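Participant: Structure for the following, please:
(chains A and B)
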Amino acid sequence: MATTTAPVPSLDERRAALERAEARVALQRRVFRAVVALVALGLIAFPALRGTFSAFNYVIQVLIVMLMFTAMASSWNIMGGFAGYISLGHNVFMVIGAYVSGMLLVYQGISPFVSVFLGVALAVAVGTLFGLITLRTRGPAFIIASISLLLMTRLMMDNWKAIEGASGLSLPIPDFFPTLGKVPMYYGMLAAALGAVGLAYGISRSKFGLALRAIAMDEVKAEAAGIDTRRYKIIALALSAIFIAWAGTFWGYTLNYIRPSAFLSVAIAADMALMSIVGGKGTVAGPPIGAFLIILVTELSVWLFGPSELNLAISGTILITVLLFFPLGIVGTLQNRQRDRLARLRAAVEDSGEAVMKGA
Amino acid sequence: MQWVQILILGLMLGGVYAVMASGLTLIFGVMRIVNLAHATFILLAAYLTFFLYEFLDVDPILSLAVTVPVMFLVGIAVYLLLFPRIENSPRFVESTVLLTFGVALFMEGTMGRTFTGTYRLVRPTYGTESFLIGDLYIPKGQLYALIVSAVLLLLLAALLYGTRIGGSIRATMQNRTAAQIVGVNVRRTMALSFGLGIALAGASGTLLSFLFPFFPASHWEWVPIMLALVVLGGLGSLQGALIGALGLSVVAAFVMTELGPTWQPMTFFLALFLILLVRPQGLYGKPLEA
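Facilitator: Have a look, this model is predicted:
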């Protein structure tokens, strides 16, 4: 027991401290919202800078990748974060979007901006089907089942003659916006990112989101409380497919080719999980922040050491470090600190001094 | 006669599969760690064998004397570095999947950087020769690997059932708290078991180094195979791992001859997927719960 001789602050002082802390949290929220709005506007306006500086093509490429992973990690987070079902096979939906749009572009000349909706619809249907089958498992069994699903899909697509197997297809350079370079793909990907973050935000504020969190905390109790867990999980999986398929469409279009290895790699599956976990699983802001940071680190390492397997080692190190030291991720850890602080100050006001005596 | 030949080839690989799977299932049984990085340790030992053979001309089977102890120490170091810290995390098993996934990425990246992505294969003379008995041909490399595997599994059984340490390991597998109450040093037992599991991975890596070509990313070929073997047998069950290994390796050998080598991995993916759906506890194990 540490004996403190500091005088106990009076009730008024404690009230004032609480009010100051609450005002600061409110201000932080306002600043955060303003930053989000500015970033969104900046991203919408960015292509206007085309031709004004020489690195434009590089920057827009990096932004496309960041937006793609924002869309994918945010969608992954619906299942992996909100519902607590970690999947290492979600890029199956990405390949569906890429192939539906890619095939329609090659054989029918249909614009990806139209066919993206078909890809999404098919991905949602497949997601529902996968949900019906795999959501009998939970925890580690679900993770392993999702990896085996990814590997099975890869093996089948690599050997599927009708879609050109492992060698895939080159996509024609689209002729509808011949002079715009990567700008159309950029807007396609931006729509995926905004849509996915918006969807996650909507879910986090809804009764549906609350049910998913209950499932993540304790599925048996959630079931006992009358939540139809199976239905909710399947819906969550289907929703998480939407913007991953969407991102897949525009990623194929950005690459100008589609082939199974470009979408169905374990590395991409890992990145979705990694970004969500680093940013904060189960939070809305976490996955975008994680996606931004991980892509930044990747680009830096490519710039410093050249493209190499080192990226993989860095991803692994980041994942290990976060799991060991900040299992809640960046946003989760900050939110927790803020919540604890406010709770302590509130308790200090309400418990008429007891909590303060305990050393709060 | 042909099916006898296929059966023999399948069973011979089954021995090596059993050594791989026994390490993985031991680690799960004692600590409830699902080690997704197991195959990267197999590859590390394969590289060690490769360099011992290339530079010092050490026969791959003799190099077991180096790879097994080295990998044992590596295992203990990895355990102490990573796992005590998450011991009390609420979803322990799930955390271990993610954590070992991180280890696998780290190992793959580091090995890719150091050893390059070139395909490697240790080529001792017996790697390409075979015995001919009647109509049946028996590849020498696979036969020797089977014999070594059998010896290793017998040694493992002797260790687990004939020594005090083995008793502690089995007690910890059955009930950790009870083991602690009767005086088992659980922390030390767990570190030893992890070391033992990785040492078994090392042994199978040495054997694989002259049976299959390997490169840093090829551990992803082995992860689903191993998981299928142990999930079929029941995670944490050693006899289950043995039966799973022999059973699936024979099935895979038949799939390979009937449908061709392309579809052979599908045996394991599909087996893994279906077992998890239908009977997640496998033949002998405990169900996989968070």
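Participant: Show me what from the stretch 51-200 of chain B comes close to chain A.
Facilitator: Residues of the stretch 51-200 of chain B lying close to chain A by C-beta under 8 Å from any C-beta of the partner chain are B:82, B:85-86, B:89, B:91, B:93-99, B:101-113, B:117. No exception for glycine: its C-beta is placed from N, CA and C like everyone else's.
Participant: Pull the distance from stretch A:193-204 to the chain's centre.
Facilitator: 10 Å (C-alpha atoms, centre = their mean, to the nearest Å).
Participant: for that stretch, what is the average pLDDT?
Facilitator: The pLDDT scores in stretch A:193-204 average 96.
Participant: Would you mark the buried spots in it?
Facilitator: For stretch A:193-204, the neighbour count (16 or more other C-beta atoms under 10 Å in any protein chain shown) marks A:193-197, A:199-200, A:203-204 as buried.
Participant: can you give me the strands in chain B?
Facilitator: Assigned by DSSP state E, the strands in chain B fall at B:130-133, B:136-139.
Participant: now swap in the stretch 101-250 of chain A and tell me
Facilitator: A:169-170 (DSSP state E, counting those that start in this stretch).
Participant: For chain A, give me the ranges with low pLDDT.
Facilitator: For chain A, the stretches with pLDDT under 70 are A:1-6, A:174-178, A:351-360.
Participant: per-domain residue ranges of it.
Facilitator: With domains defined by automatic domain parsing, chain A comprises A:74-264, A:266-338.
Participant: And these: which comes nearest B:I169?
Facilitator: Smallest distance to B:I169 across the domains of chain A (C-beta to C-beta): 21.8 Å, for domain A:74-264.
Participant: Return the distance of that closest one from the chain's centre.
Facilitator: Taking mean C-alpha positions (C-alpha atoms, centre = their mean), domain A:74-264 and its chain are 12 Å apart.
Participant: measure it end to end?
Facilitator: By C-alpha to C-alpha, to the nearest Å, the extent of domain A:74-264 from end to end equals 18 Å.
Participant: related to what we said a few turns ago, which one, of the domains of chain A, ends up nearest to B:T172?
Facilitator: B:T172 lies closest to domain A:74-264 among those, at 19.6 Å (C-beta to C-beta).
Participant: In contact with A:R154, which residues are there?
Facilitator: With contacts defined as C-beta atoms under 8 Å, 6 or more residues apart in numbering or on different chains, the neighbours of A:R154 are A:260-261, A:264.
Participant: meant to ask about A:L149, not that
Facilitator: The neighbourhood of A:L149, defined by C-beta under 8 Å, 6+ apart, consists of A:89, A:92, A:130, A:134, B:273.
Participant: what about burial for those residues, which qualify?
Facilitator: For the contacts of A:L149, buried by 16+ other C-beta under 10 Å: A:89, A:92, A:130, A:134, B:273.
Participant: could those be laid out in TSV, adding distance to A:G286?
Facilitator: Shown next, in TSV, are the buried ones among the contacts of A:L149 (distance: C-beta to C-beta, whole Å):
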residue	distance to A:G286
A:G89	21
A:V92	23
A:F130	24
A:T134	24
B:F273	30
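Participant: Write out the residues of the stretch 51-200 of chain A neighbouring chain B.
Facilitator: Checking the stretch 51-200 of chain A against chain B by C-beta under 8 Å from any C-beta, the hits are A:86, A:88, A:133-134, A:136-141, A:143-145, A:147-149, A:151-152, A:155, A:159.
Participant: cutoff 6 Å now
Facilitator: Within the stretch 51-200 of chain A, the positions near chain B by C-beta under 6 Å from any C-beta of the partner chain are A:136-137, A:139-141, A:143-145, A:148, A:151-152, A:155, A:159.
Participant: Among the residues you listed, find me the one that's closest to A:D340.
Facilitator: Comparing those against A:D340 with C-beta to C-beta picks out A:G139 as the nearest, at 27.8 Å.
Participant: what about the closest one, how many neighbours?
Facilitator: 21 (other C-beta atoms under 10 Å in any protein chain shown).
Participant: Next, it: phi, psi?
Facilitator: phi 60, psi -140 (degrees, to the nearest 10).
Participant: My guess is it contacts B:E94. True?
Facilitator: Yes. Taking contacts as C-beta atoms under 6 Å, A:G139 lies within contact range of B:E94: 5.4 Å.
Participant: Name the nearest residue to A:A191, ignoring sequence neighbours.
Facilitator: The spatial neighbour of A:A191 that comes closest, neighbours along the chain excluded (C-beta to C-beta, 6 or more residues apart in numbering or on different chains), is A:W246 at 7.4 Å.
Participant: Quick check: A:G168 vs A:V100, distance?
Facilitator: A:G168 is 14 Å from A:V100, where distance means C-beta to C-beta, to the nearest Å.
Participant: So between those two, which is more surrounded?
Facilitator: With neighbours defined as other C-beta under 10 Å, A:G168 and A:V100 compare such that A:V100 has more, 26 against 22.
Participant: what helix or strand is the more buried one on?
Facilitator: If you go by DSSP states H and E, A:V100 is part of helix A:91-108.
Participant: and that helix, what does it pack onto?
Facilitator: For helix A:91-108, the packing partners by 3 or more C-beta pairs under 6 Å, 6 or more residues apart in numbering or on different chains; DSSP states H and E come out as helix A:112-134, helix A:229-255, strand A:257-258, helix A:260-263.
Participant: ok and the longest one relative to helix A:112-134, angle-wise?
Facilitator: With axes from the mean of the first three to the mean of the last three C-alpha atoms, to 10 degrees as the criterion, the two stretches helix A:229-255 and helix A:112-134 enclose an angle of 140 degrees.
Participant: and the angle for helix A:229-255 with helix A:91-108?
Facilitator: Going by the same axes, to 10 degrees, helix A:229-255 makes 50 degrees with helix A:91-108.
Participant: If you count neighbours, what's buried in helix A:229-255?
Facilitator: Buried-residue list, helix A:229-255, by 16+ other C-beta under 10 Å: A:229, A:232-255.
Participant: Please name the nearest non-neighbouring residue to B:A18.
Facilitator: Of all residues not flanking B:A18 in the chain, B:A245 sits nearest, at 3.9 Å (C-beta to C-beta, 6+ apart).
Participant: okay, now that neighbour: neighbour count?
Facilitator: By the criterion of other C-beta under 10 Å, B:A245 has 31 neighbours.
Participant: go on, B:G162?
Facilitator: 10.
Participant: do the same with A:A34
Facilitator: Around A:A34 there are 10 residues (other C-beta under 10 Å).
Participant: can you tell me the helix or strand for it?
Facilitator: Here A:A34 sits within helix A:11-45, counting by DSSP H and E.
Participant: Determine the set of other helices and strands touching that helix.
Facilitator: helix A:329-350.
Participant: ok, A:I144 - contacts?
Facilitator: Applying C-beta atoms under 6 Å, 6 or more residues apart in numbering or on different chains, one finds that A:I144 lies in contact with B:L227.
Participant: So for B:S22, what's the nearest residue that isn't a sequence neighbour?
Facilitator: B:A241 (5.2 Å).
Participant: Looking at the one you found now. What's its pLDDT?
Facilitator: On the pLDDT scale, B:A241 gets 86.
Participant: how far away is it from B:I42?
Facilitator: From B:A241 over to B:I42 (counting by C-beta to C-beta), the distance is 15 Å.
Participant: Which of the two has more residues huddled nearby?
Facilitator: A side-by-side neighbour count of B:A241 and B:I42, using other C-beta under 10 Å, places B:A241 first with 35 against 31.
Participant: From B:Q2, how far out is B:E258?
Facilitator: In terms of C-beta to C-beta, B:E258 sits 11 Å off from B:Q2.
Participant: Good, we can wrap up now.
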